[in-house]
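Engineer: Next one to model:
(one chain, ligands or ions: 1)
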Amino acid sequence: MRLAYLGPAGTFSEEAALAQAARDGAVLIPLSSIPALVSAVETGLADRAILPIENSIEGTVSATVDLLIHETSLQICAELVLPVRHFLLARPGTTLGQIRAVKSHPQALGQCRRFLERCLPAAEQIASLSTAAAVAEMMQSGDDSCAAIGTLRAAELYGAEVLAWDIQDHRTNMTRFIVLAAHDAEPTGQDRTSLCFTVKRNVPGALVEVLNELAAANIQMTKVESRPMKSALGDYYFLVDIEGHRRDPHIAEALARMAEKAAELKIFGSYPRHEIGIEEARIPRR
Ligand SMILES: O=C(O)C(=O)C[C@]1(C(=O)O)C=C[C@@H](O)C=C1
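Structural biologist: Here you go, the predicted model:
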(Lines give C-alpha, C1' and ligand atoms only; values in the text may rest on other atoms or scores of the structure.)
Protein backbone atom coordinates (compact mmCIF):
# COMPACT_ATOMS: atom_id res chain seq x y z
CA MET A 1 0.00 0.00 0.00
CA ARG A 2 1.48 3.33 -1.12
CA LEU A 3 0.05 6.46 0.55
CA ALA A 4 0.77 9.88 -1.00
CA TYR A 5 0.82 12.97 1.22
CA LEU A 6 1.58 16.69 0.96
CA GLY A 7 5.30 16.86 1.63
CA PRO A 8 8.13 17.40 2.09
CA ALA A 9 8.81 15.61 5.40
CA GLY A 10 7.73 17.68 8.40
CA THR A 11 4.24 18.74 7.27
CA PHE A 12 1.07 18.16 9.26
CA SER A 13 0.00 15.93 6.39
CA GLU A 14 3.05 13.75 7.05
CA GLU A 15 1.98 13.44 10.69
CA ALA A 16 -1.49 12.37 9.51
CA ALA A 17 0.05 9.98 6.96
CA LEU A 18 2.25 8.39 9.66
CA ALA A 19 -0.83 7.88 11.87
CA GLN A 20 -2.64 6.28 8.92
CA ALA A 21 0.41 4.12 8.08
CA ALA A 22 0.46 2.87 11.69
CA ARG A 23 -3.04 1.50 11.02
CA ASP A 24 -2.47 -0.05 7.57
CA GLY A 25 1.34 -0.35 7.15
CA ALA A 26 1.41 2.00 4.15
CA VAL A 27 4.64 3.21 2.52
CA LEU A 28 4.64 7.03 2.31
CA ILE A 29 5.18 9.07 -0.88
CA PRO A 30 5.70 12.85 -0.44
CA LEU A 31 4.31 15.07 -3.24
CA SER A 32 4.33 18.84 -3.51
CA SER A 33 0.68 19.86 -4.08
CA ILE A 34 -2.87 18.78 -3.28
CA PRO A 35 -3.86 18.27 -6.97
CA ALA A 36 -0.70 16.14 -7.45
CA LEU A 37 -1.95 13.81 -4.68
CA VAL A 38 -5.18 13.13 -6.53
CA SER A 39 -3.35 12.60 -9.84
CA ALA A 40 -0.99 10.14 -8.14
CA VAL A 41 -3.89 7.85 -7.19
CA GLU A 42 -5.67 8.32 -10.52
CA THR A 43 -2.55 7.35 -12.47
CA GLY A 44 -1.54 4.46 -10.18
CA LEU A 45 1.61 6.09 -8.73
CA ALA A 46 -0.03 5.67 -5.30
CA ASP A 47 -2.88 3.52 -3.97
CA ARG A 48 -4.21 6.19 -1.64
CA ALA A 49 -3.70 9.86 -0.83
CA ILE A 50 -4.26 11.74 2.40
CA LEU A 51 -5.55 15.33 2.12
CA PRO A 52 -6.50 18.04 4.63
CA ILE A 53 -10.18 18.93 4.21
CA GLU A 54 -11.24 21.13 7.12
CA ASN A 55 -9.71 23.08 9.99
CA SER A 56 -11.45 24.20 13.17
CA ILE A 57 -10.21 27.82 12.79
CA GLU A 58 -9.96 28.40 9.06
CA GLY A 59 -12.75 26.09 7.85
CA THR A 60 -12.73 24.31 4.52
CA VAL A 61 -9.54 23.54 2.61
CA SER A 62 -11.05 24.68 -0.68
CA ALA A 63 -8.39 23.02 -2.88
CA THR A 64 -9.46 19.61 -1.54
CA VAL A 65 -13.21 20.24 -1.63
CA ASP A 66 -13.09 21.65 -5.16
CA LEU A 67 -11.18 18.59 -6.39
CA LEU A 68 -13.87 16.34 -4.90
CA ILE A 69 -16.68 18.36 -6.48
CA HIS A 70 -15.28 19.05 -9.93
CA GLU A 71 -12.31 16.88 -10.76
CA THR A 72 -12.20 13.37 -9.38
CA SER A 73 -14.32 10.30 -8.87
CA LEU A 74 -11.95 8.88 -6.24
CA GLN A 75 -13.77 7.98 -3.02
CA ILE A 76 -13.13 8.86 0.63
CA CYS A 77 -12.23 5.63 2.46
CA ALA A 78 -11.06 7.02 5.82
CA GLU A 79 -10.84 10.20 7.90
CA LEU A 80 -8.49 11.32 10.63
CA VAL A 81 -8.52 14.34 12.96
CA LEU A 82 -5.23 15.75 14.29
CA PRO A 83 -4.49 18.48 16.84
CA VAL A 84 -2.51 21.22 15.07
CA ARG A 85 0.14 23.28 16.90
CA HIS A 86 2.03 26.01 15.05
CA PHE A 87 5.51 27.31 15.82
CA LEU A 88 7.28 30.40 14.48
CA LEU A 89 10.62 29.11 13.19
CA ALA A 90 13.71 31.03 12.11
CA ARG A 91 17.40 30.59 11.33
CA PRO A 92 19.42 29.95 14.52
CA GLY A 93 20.35 33.14 16.39
CA THR A 94 17.59 35.24 14.82
CA THR A 95 15.38 37.40 17.09
CA LEU A 96 11.72 38.34 16.66
CA GLY A 97 12.72 41.98 16.07
CA GLN A 98 14.62 41.01 12.91
CA ILE A 99 11.65 39.36 11.19
CA ARG A 100 10.30 41.20 8.12
CA ALA A 101 8.57 38.30 6.33
CA VAL A 102 6.75 35.11 7.37
CA LYS A 103 6.32 32.17 5.02
CA SER A 104 3.86 29.33 5.33
CA HIS A 105 0.95 27.45 3.81
CA PRO A 106 -2.05 29.84 3.56
CA GLN A 107 -4.03 27.61 5.97
CA ALA A 108 -1.27 27.95 8.59
CA LEU A 109 -0.99 31.75 8.09
CA GLY A 110 -4.78 31.95 8.54
CA GLN A 111 -4.73 29.82 11.69
CA CYS A 112 -2.13 32.17 13.24
CA ARG A 113 -3.75 35.45 12.12
CA ARG A 114 -4.02 36.96 15.62
CA PHE A 115 -0.36 36.29 16.47
CA LEU A 116 0.79 37.76 13.15
CA GLU A 117 -1.41 40.85 13.51
CA ARG A 118 -0.29 41.53 17.07
CA CYS A 119 3.37 40.49 17.14
CA LEU A 120 4.48 40.97 13.53
CA PRO A 121 2.03 43.52 12.09
CA ALA A 122 4.47 44.86 9.50
CA ALA A 123 5.77 41.48 8.31
CA GLU A 124 4.99 40.41 4.75
CA GLN A 125 3.10 37.10 4.62
CA ILE A 126 4.32 34.79 1.87
CA ALA A 127 2.34 31.72 0.79
CA SER A 128 4.08 28.39 0.24
CA LEU A 129 2.90 24.97 -0.93
CA SER A 130 3.20 23.48 2.57
CA THR A 131 4.45 24.44 6.02
CA ALA A 132 7.55 22.22 5.72
CA ALA A 133 8.35 23.63 2.25
CA ALA A 134 8.24 27.09 3.87
CA VAL A 135 10.67 26.03 6.61
CA ALA A 136 13.05 24.40 4.11
CA GLU A 137 12.95 27.47 1.81
CA MET A 138 13.49 29.86 4.72
CA MET A 139 16.54 27.88 5.90
CA GLN A 140 18.01 27.65 2.37
CA SER A 141 17.47 31.37 1.66
CA GLY A 142 20.16 32.40 4.18
CA ASP A 143 17.87 35.36 4.98
CA ASP A 144 17.70 36.17 8.71
CA SER A 145 14.75 38.54 8.22
CA CYS A 146 12.51 35.66 7.13
CA ALA A 147 10.62 33.28 9.47
CA ALA A 148 8.33 30.34 8.71
CA ILE A 149 5.34 28.80 10.45
CA GLY A 150 5.68 25.05 10.80
CA THR A 151 5.88 21.98 13.02
CA LEU A 152 8.49 21.07 15.67
CA ARG A 153 9.47 18.13 13.47
CA ALA A 154 10.17 20.54 10.57
CA ALA A 155 12.35 22.62 12.94
CA GLU A 156 14.38 19.51 13.78
CA LEU A 157 14.58 18.22 10.19
CA TYR A 158 15.70 21.53 8.65
CA GLY A 159 17.73 22.91 11.58
CA ALA A 160 15.46 25.86 12.46
CA GLU A 161 15.05 27.44 15.90
CA VAL A 162 11.72 28.09 17.62
CA LEU A 163 11.04 31.84 18.04
CA ALA A 164 7.48 31.46 19.36
CA TRP A 165 5.48 28.46 20.59
CA ASP A 166 1.83 27.59 19.96
CA ILE A 167 0.97 30.64 17.90
CA GLN A 168 -2.34 29.25 16.56
CA ASP A 169 -5.37 31.45 17.37
CA HIS A 170 -7.01 28.75 19.52
CA ARG A 171 -5.53 26.15 21.83
CA THR A 172 -7.88 23.50 20.49
CA ASN A 173 -6.87 23.84 16.83
CA MET A 174 -7.53 20.70 14.81
CA THR A 175 -7.57 19.61 11.17
CA ARG A 176 -9.58 16.83 9.58
CA PHE A 177 -7.88 14.79 6.88
CA ILE A 178 -9.48 12.38 4.37
CA VAL A 179 -7.95 9.38 2.63
CA LEU A 180 -8.86 9.03 -1.06
CA ALA A 181 -8.82 5.71 -2.93
CA ALA A 182 -10.52 3.99 -5.88
CA HIS A 183 -13.25 2.66 -3.56
CA ASP A 184 -14.76 3.76 -0.27
CA ALA A 185 -14.83 1.60 2.92
CA GLU A 186 -16.99 -1.30 4.05
CA PRO A 187 -19.71 -0.49 6.61
CA THR A 188 -18.60 -0.63 10.27
CA GLY A 189 -21.71 0.65 12.06
CA GLN A 190 -19.87 3.90 13.00
CA ASP A 191 -19.62 5.56 9.61
CA ARG A 192 -19.93 8.88 7.88
CA THR A 193 -20.98 9.63 4.31
CA SER A 194 -19.92 12.78 2.45
CA LEU A 195 -21.77 14.12 -0.59
CA CYS A 196 -22.62 17.24 -2.55
CA PHE A 197 -25.68 18.28 -4.49
CA THR A 198 -27.17 21.16 -6.46
CA VAL A 199 -30.80 22.24 -6.42
CA LYS A 200 -33.17 23.22 -9.20
CA ARG A 201 -32.88 26.95 -10.01
CA ASN A 202 -35.56 29.43 -9.01
CA VAL A 203 -37.64 26.87 -7.09
CA PRO A 204 -38.60 28.21 -3.64
CA GLY A 205 -37.79 25.72 -0.89
CA ALA A 206 -35.69 23.52 -3.21
CA LEU A 207 -32.83 23.23 -0.69
CA VAL A 208 -35.12 22.50 2.26
CA GLU A 209 -36.88 19.79 0.27
CA VAL A 210 -33.63 17.90 -0.29
CA LEU A 211 -32.48 18.30 3.33
CA ASN A 212 -35.91 17.33 4.65
CA GLU A 213 -35.28 13.80 3.41
CA LEU A 214 -32.54 13.51 6.05
CA ALA A 215 -34.74 14.88 8.83
CA ALA A 216 -37.62 12.61 7.79
CA ALA A 217 -35.35 9.53 8.00
CA ASN A 218 -33.87 10.70 11.34
CA ILE A 219 -30.39 10.91 9.84
CA GLN A 220 -27.90 13.12 11.67
CA MET A 221 -26.20 15.76 9.50
CA THR A 222 -22.71 16.56 10.82
CA LYS A 223 -21.75 19.27 8.32
CA VAL A 224 -23.38 21.52 5.73
CA GLU A 225 -21.73 24.19 3.67
CA SER A 226 -22.00 25.78 0.26
CA ARG A 227 -19.30 26.26 -2.37
CA PRO A 228 -19.71 28.39 -5.49
CA MET A 229 -20.37 26.40 -8.66
CA LYS A 230 -17.81 28.69 -10.35
CA SER A 231 -20.02 29.14 -13.43
CA ALA A 232 -22.13 32.09 -12.23
CA LEU A 233 -22.83 34.15 -9.12
CA GLY A 234 -25.60 32.66 -6.97
CA ASP A 235 -25.12 29.05 -8.12
CA TYR A 236 -23.90 26.74 -5.36
CA TYR A 237 -22.93 23.20 -4.53
CA PHE A 238 -24.17 22.15 -1.09
CA LEU A 239 -21.81 19.85 0.77
CA VAL A 240 -23.26 17.61 3.42
CA ASP A 241 -21.81 14.99 5.80
CA ILE A 242 -24.19 12.55 7.44
CA GLU A 243 -23.84 9.79 10.00
CA GLY A 244 -24.23 6.33 8.47
CA HIS A 245 -22.96 4.31 5.48
CA ARG A 246 -24.42 4.68 1.98
CA ARG A 247 -25.13 0.90 2.05
CA ASP A 248 -27.11 1.06 5.35
CA PRO A 249 -30.68 0.52 4.08
CA HIS A 250 -32.20 3.67 5.63
CA ILE A 251 -29.32 5.80 4.30
CA ALA A 252 -29.55 4.25 0.81
CA GLU A 253 -33.29 5.03 0.69
CA ALA A 254 -32.83 8.62 1.88
CA LEU A 255 -30.00 9.19 -0.62
CA ALA A 256 -32.21 7.90 -3.45
CA ARG A 257 -35.00 10.29 -2.45
CA MET A 258 -32.52 13.19 -2.15
CA ALA A 259 -31.19 12.41 -5.64
CA GLU A 260 -34.76 12.61 -7.03
CA LYS A 261 -35.29 16.05 -5.51
CA ALA A 262 -31.83 17.48 -6.25
CA ALA A 263 -30.68 18.67 -9.67
CA GLU A 264 -27.46 16.68 -9.30
CA LEU A 265 -26.02 14.59 -6.44
CA LYS A 266 -22.52 13.16 -6.06
CA ILE A 267 -21.41 10.87 -3.24
CA PHE A 268 -17.78 11.31 -2.13
CA GLY A 269 -17.79 8.07 -0.12
CA SER A 270 -18.65 6.32 3.15
CA TYR A 271 -15.97 5.64 5.75
CA PRO A 272 -15.48 5.00 9.48
CA ARG A 273 -15.95 8.11 11.64
CA HIS A 274 -12.96 9.51 13.55
CA GLU A 275 -13.54 12.23 16.11
CA ILE A 276 -11.41 13.71 18.85
CA GLY A 277 -12.70 15.57 21.88
CA ILE A 278 -11.76 19.13 22.78
CA GLU A 279 -9.65 17.78 25.67
CA GLU A 280 -7.61 15.57 23.33
CA ALA A 281 -6.90 18.57 21.09
CA ARG A 282 -6.15 21.05 23.87
CA ILE A 283 -2.55 22.24 23.98
CA PRO A 284 -1.09 22.05 27.51
CA ARG A 285 -0.15 25.45 28.96
CA ARG A 286 3.63 25.92 29.19
O1 LIG B 1 1.34 22.47 5.10
C2 LIG B 1 1.14 21.47 5.82
O3 LIG B 1 1.90 21.13 6.75
C4 LIG B 1 -0.04 20.64 5.58
O5 LIG B 1 -0.02 19.48 5.87
C6 LIG B 1 -1.27 21.32 4.98
C7 LIG B 1 -2.23 21.83 6.05
C8 LIG B 1 -3.57 22.31 5.37
O9 LIG B 1 -3.61 22.55 4.18
O10 LIG B 1 -4.57 22.44 6.11
C11 LIG B 1 -2.56 20.75 6.99
C12 LIG B 1 -2.87 20.97 8.28
C13 LIG B 1 -2.87 22.33 8.86
O14 LIG B 1 -4.23 22.74 8.88
C15 LIG B 1 -2.11 23.31 8.02
C16 LIG B 1 -1.71 23.02 6.75
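Engineer: residue boundaries of the helices in the protein?
Structural biologist: For the chain, the helices defined by DSSP state H cover 12-24, 34-43, 62-66, 106-111, 113-119, 131-141, 152-158, 206-216, 249-261, 278-281.
Engineer: how about those helices in TSV, adding mean pLDDT and distance to L195?
Structural biologist: C-beta here means a position set from N, CA and C on the backbone, and glycine is covered the same way. Converted to TSV, the helices of the chain look like this (pLDDT from 0 to 100; distance: least, Cβ to Cβ, whole Å):
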stretch	mean pLDDT	distance to L195
helix 12-24	95	23
helix 34-43	98	18
helix 62-66	96	12
helix 106-111	97	24
helix 113-119	97	31
helix 131-141	97	30
helix 152-158	98	35
helix 206-216	97	11
helix 249-261	98	7
helix 278-281	65	26
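Engineer: quick one, which of the ones you listed is nearest to Y5?
Structural biologist: helix 12-24 (3.8 Å; Cβ to Cβ).
Engineer: pretty sure Q220 is touching D241, no?
Structural biologist: No: counting by Cβ atoms under 8 Å, Q220 stays clear of D241, with 9.4 Å between them.
Engineer: More neighbours: which of the two?
Structural biologist: D241 (20 against 11; other Cβ atoms under 10 Å).
Engineer: which ones are touching the more buried one?
Structural biologist: 192-195, 221-224 (Cβ atoms under 8 Å, 6 or more residues apart in numbering).
Engineer: Ignoring the adjacent residues along the chain, who's closest to it?
Structural biologist: K223 (4.0 Å; Cβ to Cβ, 6 or more residues apart in numbering).
Engineer: circling back: nearest to I53, of the contacts of D241?
Structural biologist: Nearest to I53, judged by Cβ to Cβ, of the contacts of D241 is S194 at 8.7 Å.
Engineer: so what's the nearest residue to that closest one once chain neighbours are set aside up against?
Structural biologist: Spatially, and ignoring its direct neighbours in sequence, S194 is nearest to F268 (4.1 Å; Cβ to Cβ, 6+ apart). F268 is in contact with 68, 75-76, 194-196, counting by Cβ under 8 Å, 6+ apart.
Engineer: could those be laid out in CSV, adding distance to the ligand, neighbour count and pLDDT?
Structural biologist: Below are the contacts of F268 laid out as CSV (distance: Cβ to the nearest ligand atom, whole Å; neighbours: other Cβ atoms under 10 Å; pLDDT from 0 to 100):
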residue, distance to the ligand, neighbour count, pLDDT
L68, 15, 26, 98
Q75, 21, 21, 98
I76, 16, 23, 98
S194, 17, 25, 98
L195, 22, 21, 98
C196, 20, 22, 98
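Engineer: In strands only, show me those residues.
Structural biologist: 75-76, 194-196 (DSSP state E).
Engineer: Tell me the residues of the stretch 151-286 of the chain that contact the ligand?
Structural biologist: Taking Cβ under 6 Å from any ligand atom as the contact definition, the stretch 151-286 of the chain meets the ligand at T175.
Engineer: Near the ligand, which residues of the stretch 1-150 of the chain? Just list them.
Structural biologist: 6, 11-13, 52, 55, 61, 84, 105, 107-108, 130-132.
Engineer: and with 5 Å instead?
Structural biologist: With Cβ under 5 Å from any ligand atom as the criterion, the stretch 1-150 of the chain comes near the ligand at residues 6, 11-13, 52, 55, 84, 105, 107-108, 130-131.
Engineer: Buried members of those residues into ChimeraX, please.
Structural biologist: Buried residues among those (16 or more other Cβ atoms under 10 Å), as a ChimeraX selection:
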select :6,11,12,13,52,55,84,105,107,108,130,131
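Engineer: Out of the residues of the stretch 1-150 of the chain next to the ligand, the closest to T172 would be?
Structural biologist: Distances from T172 to these, taken by Cβ to Cβ, are shortest for V84, at 9.7 Å.
Engineer: Which residue comes closest to the closest one once chain neighbours are left out?
Structural biologist: Closest to V84 by Cβ to Cβ, 6+ apart is N173, at 4.6 Å.
Engineer: Just flag the most distant two among the contacts of F268.
Structural biologist: Top of the distance list for the contacts of F268 (Cβ to Cβ): Q75 and C196, 13.3 Å.
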